[in-house]
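J.: 3D, please:
(2 chains)
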Number of protein chains: 2
Amino acid sequence: MNIIRGFPSTSNNAFPLNTITFLKAAARTFPEVGIVSREISGAMWRYTYKEAFARIRRLANALVKLGIGPGDRVGVLEWNTHRYFELYYAVSGIGAVLLQVNPRIGSADRAYVINHSEAVIVFVAENMLPLIESVEKDLATVRGYVVLTEKPAAEVRTTLSPVHHYESLLAEQSETFDFPMIDENSAYSACYTTGTTGKPKGVYYSHRCIYLHSLMQALMLGINVNDVVMQTVPMFHCHGWGMFFSATLAGAKLVFPGMYTAEKVYELVDIMIAEKVTVNGGAPAIFMPMLEYIKTLPEPPEFKGLRMISGATEPSLALMKGFYDLGGAEILHGYGATETTPLVTLNRLKPSLAGVSETEKWELRKKQGLPLTGVEVEIRDSDGRVMPHDGKSVGEILFRGPWITAAYYNDERTAESFVDGFWKSGDAGTIDENGYMKITDRFKDIIKSGGEWISSIDLENALMAHPAVLEATVAGVPHPKWEERPVALVVLRDNFRGKTNKEDILEFIAPRFAKWQLPDEILFVDEIPKTSVGKFSKKDVRAMFGDVYRKKG
Amino acid sequence: MNIIRGFPSTSNNAFPLNTITFLKAAARTFPEVGIVSREISGAMWRYTYKEAFARIRRLANALVKLGIGPGDRVGVLEWNTHRYFELYYAVSGIGAVLLQVNPRIGSADRAYVINHSEAVIVFVAENMLPLIESVEKDLATVRGYVVLTEKPAAEVRTTLSPVHHYESLLAEQSETFDFPMIDENSAYSACYTTGTTGKPKGVYYSHRCIYLHSLMQALMLGINVNDVVMQTVPMFHCHGWGMFFSATLAGAKLVFPGMYTAEKVYELVDIMIAEKVTVNGGAPAIFMPMLEYIKTLPEPPEFKGLRMISGATEPSLALMKGFYDLGGAEILHGYGATETTPLVTLNRLKPSLAGVSETEKWELRKKQGLPLTGVEVEIRDSDGRVMPHDGKSVGEILFRGPWITAAYYNDERTAESFVDGFWKSGDAGTIDENGYMKITDRFKDIIKSGGEWISSIDLENALMAHPAVLEATVAGVPHPKWEERPVALVVLRDNFRGKTNKEDILEFIAPRFAKWQLPDEILFVDEIPKTSVGKFSKKDVRAMFGDVYRKKG
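T.: I've put the predicted structure just below:
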């Protein structure tokens, strides 16, 4: 990027953008605003920004006493608690880097992430101790451990060594700590992507990056001092989308739900009602069972003014409408990734579209939305040509800007993932005349037929809407005339086997597609090949059925 | 400021914060959103962000053709129009500096500002031509002029030379222009303060400074794509508080009222109603006559959701309540100065204070409000000691942060105006336990009596509320026992002369003050000494009446 130098300014440009600035401001201007955190025992920890800042100063002293200094990497495995909140501010506040360790990845990847980052200490929740104990012998750089728990030290059992107790460390320390200013380009935290192939890739976010992202996210969600923000997105992955940073800078009340499981999401609903939550974020996989639970309540809650940010390739209308019926709660679809901090698009209805029908409005809300100011977006075809914003031209979506990563840390895969400073998302999509981005597919799964594009995801969604279909996937396979053509794999429901056929199903989906977009073959199978994390493996589909059209050539 | 370097990040920290990013994003994502501008003729110019961007690219080509390059200073005298909007983006977009020339300052200062900045070209509104023609011979560095007008070139009469015509320049140029990226620490614009003493002082704002300020202002006012922002604050002073930048980045509709005068503010009201304005900003001196006009309308407008940002040392309750009665319109008091870009505090009601009485709420709203996240605020006494935030301890207010200036351009008064990177505002005030800042006085006008502080402004406001008082001022003068004591100068209304006395007046104001805070002397005078701009000259008051208590010693 060619950058031109102009005339000097008199502004205080040397004043760095630091994470600790948010916390200092909250403790100064919103000292009485509350933070609620659910302990493993179910007890609700309640304190204020002022009290949190005092504990964070104790924690900073404890970190220094443990020998942690600027630039050191500090691993953390923890649920969404006030202790994780404290660690984010204290670790970054002294110039160290908080390494987010995802408890859901395999032990080999867990050890890889800790070793690759060369973390010197690991903070770990008491009920996640086995996740670290099992890999302790493989950790090359870790000098010690700290257990995060409400239990007294004497009740903690672990084979980790040397090991400290978080609350005891804090109790020993002074509340006096003068946070230094950190070069804003330094890393405040690191998160490793959990791709389905290869080793995790490290994204090291700068103070500047998270500062700007947090401001823009607060603006996009309209977070202000009257809001109550719940941190539902796991803080061990992409810093929980940074919701708690946006809340801190706006002086909003914060709610940490602690540990929760997919089976007990009703607990999240109960907390939302009790704490009067107005802003939340999460995956549809969490919101959908929450809605199911809400429907069982004798008196459904009034969620007037609630904004819930979510992300899905094909958002569910039932989910959005279900929450909307609770007093107008909004599910705002966005797009993001570990590499983009994450928010880069958000779906909002523009006033120029206020006149479209209700049906069209809901369809519109399913798109990934409008790119945020400050982030550059491009759609490029496989030859690298920039595509127009016409709602039709499909290509890989690329992002560039202050909160987009420009590399992976110490990783040779950087070369293939970036071009001209843009991150190549691997997602294919369009941007329409109104500016709305729509993800249509994984870029590598798009089907190129006779110079035109066919979305495998659109076909899959249409197929799965057929009552006889249990599962369906579509992949592009070589074709002697058209380069690629779609082939569909369909698993029928037990009670429909033998009672439907290719023609039935094609007739069902035909109204949604041009004729040339329909699969030439629908193969009825007992099972669709899947990856280790349960996604359809299109690689395997192509390997197994790649010859289906060649034979016909 | 000691800045610690941590571990490198992988973020795209080299991607600079630039003004043009806002405009590019608006043209990309909100191309259809409208911009309205009132011409001198009264005609309403209407176009969209997309069309504005096209004209701004033409303008950039015109600037280059005129020989303007990165770092050059470009003077502008213009009303609040779309042309000023275009100049802000095009001039800063090519890396040059837009010099705001205030038409309301004297001709000597006007020439000083243009010469001190070494502007090479001046853009000037057709009906302000005399303001530049009268000083043309004194302008040392200006190589040419451009006239801003809706009139055709042939109708413009001026002695300036060489002179160009804005619309003709644009018509000649191509719409193709690839804006470069500018080092974010470079100046995008300059504004000179209009102090009552000495020459104007130059504040040169960086791209980074205005970028961060615009984001935070949009967040504080909750500006979003559904808003209609009116640019009432003059764009020739502190870039009109940057309202139009916040609007652009949020994709809000923009309204430029063009030229308006204090006598015809009803025109502003008519535009607000016609364009459905939801965000505005301005001085109480503008808002008050607007409210008076609204009261004369047969059907008062419904201003539901309207937010108007304002600044005053002692905000008027009548003004705030008057707008509130129009459907809940809010006047949000803030504090700022040329040196602070300007917004640094804003008055919002915290939820923790929701329970106070209506009367207390209105009193609270009169304070300057809560300091913004990202800006450091300190109160220091005359010995430089930092005062606590207890609502009582008075001192000079100091500000430091990314959008606070750290110097005056090429000006030796920088030394006396800054300490530890903080700008010394010259205003005295307090911050209370709830975080609200209150300006009590100009720091040099505070009266120090027996170790306690007395606000001259509070006394003046109380005196002027007396029906017999036309004008009143209070100053601190030396006292042999108490160090300083207040003396009041009062001009009586004609029909009250001889009908009131010192005791009457003291009795009237006594309930609002402790006994020791009351002036020992009230001097009835025919006239209060004033400065050249009509403010009370306390310097002259002290010179004339400094001995009043010494004699009694």
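
J.: ok, then the element right after the worst-scoring helix or strand of chain A on mean pLDDT?
T.: Lowest mean confidence among the helices and strands of chain A (mean pLDDT, DSSP states H and E): strand A:452-454, at a mean of 82. As assigned by DSSP states H and E, the chain's next helix or strand after strand A:452-454 is helix A:456-464.

J.: so for the helix or strand following that next one, mean pLDDT?
T.: Counting by DSSP H and E, the next helix or strand C-terminal to helix A:456-464 is strand A:469-479. Mean pLDDT, strand A:469-479: 92.

J.: distance from the chain centre to strand A:469-479, please.
T.: 27 Å (CA atoms, centre = their mean, to the nearest Å).

J.: low-confidence ranges, the stretch 51-200 of chain A, go.
T.: A:195-197 (pLDDT under 70).

J.: return the residues of it in contact with chain B.
T.: Taking CB under 8 Å from any CB of the partner chain as the criterion, the stretch 51-200 of chain A approaches chain B at residues A:70-73, A:95-97, A:180-188. To be clear about C-beta, it is placed using only N, CA and C from the backbone, and glycine gets the same treatment.

J.: of the residues you listed, just say which sits nearest to B:Leu326.
T.: A:Glu184 (43.7 Å; CB to CB).

J.: report how many residues lie close to the closest one.
T.: Other residues lying near A:Glu184 total 25 when counted by other CB atoms under 10 Å in any protein chain shown.

J.: check the one 4 residues further on too.
T.: The tally of other residues near A:Tyr188 (other CB under 10 Å) stands at 32.

J.: what does A:Leu170 give?
T.: 20.

J.: list the contacts of it.
T.: Contacts for A:Leu170 (CB atoms under 8 Å, 6 or more residues apart in numbering or on different chains) come out as A:Arg55, A:Arg58, A:Leu59, A:Ala62.

J.: out of the residues of the stretch 51-200 of chain A next to chain B, name the two that are farthest from one another.
T.: Taking CB to CB as the measure, those span a maximum distance of 20.3 Å, between A:Arg73 and A:Met181.

J.: with neighbour numbers in mind, choose between the two.
T.: A:Arg73 (25 against 18).

J.: for the stretch 201-350 of chain A, just list every one of the strands.
T.: Secondary structure of the stretch 201-350 of chain A by DSSP state E, counting those that start in this stretch: the strands cover A:202-206, A:228-230, A:253-256, A:279-282, A:307-310, A:330-335, A:345-346.

J.: give me the mean pLDDT for the fifth one.
T.: It refers to strand A:307-310. Taken as a whole, strand A:307-310 has an average pLDDT of 96.

J.: among the strands of the stretch 201-350 of chain A, which is nearest chain B?
T.: Of all those, the one in closest proximity to chain B, counting by CB to the nearest CB, is strand A:202-206 (3.6 Å).

J.: what's in contact with the closest one?
T.: A:97, A:113, A:116-117, A:184-193, A:239, A:338-339, A:341, A:403, A:405, A:408-411, B:7-11, B:13.

J.: cutoff 6 Å now
T.: A:185, A:187-192, A:338-339, A:405, A:408-409, B:9-11, B:13 (CB atoms under 6 Å, 6 or more residues apart in numbering or on different chains).

J.: quick one: strands adjacent to that strand?
T.: Looking at strand A:202-206 with DSSP bridges, its partner strands are strand A:187-192 (antiparallel).
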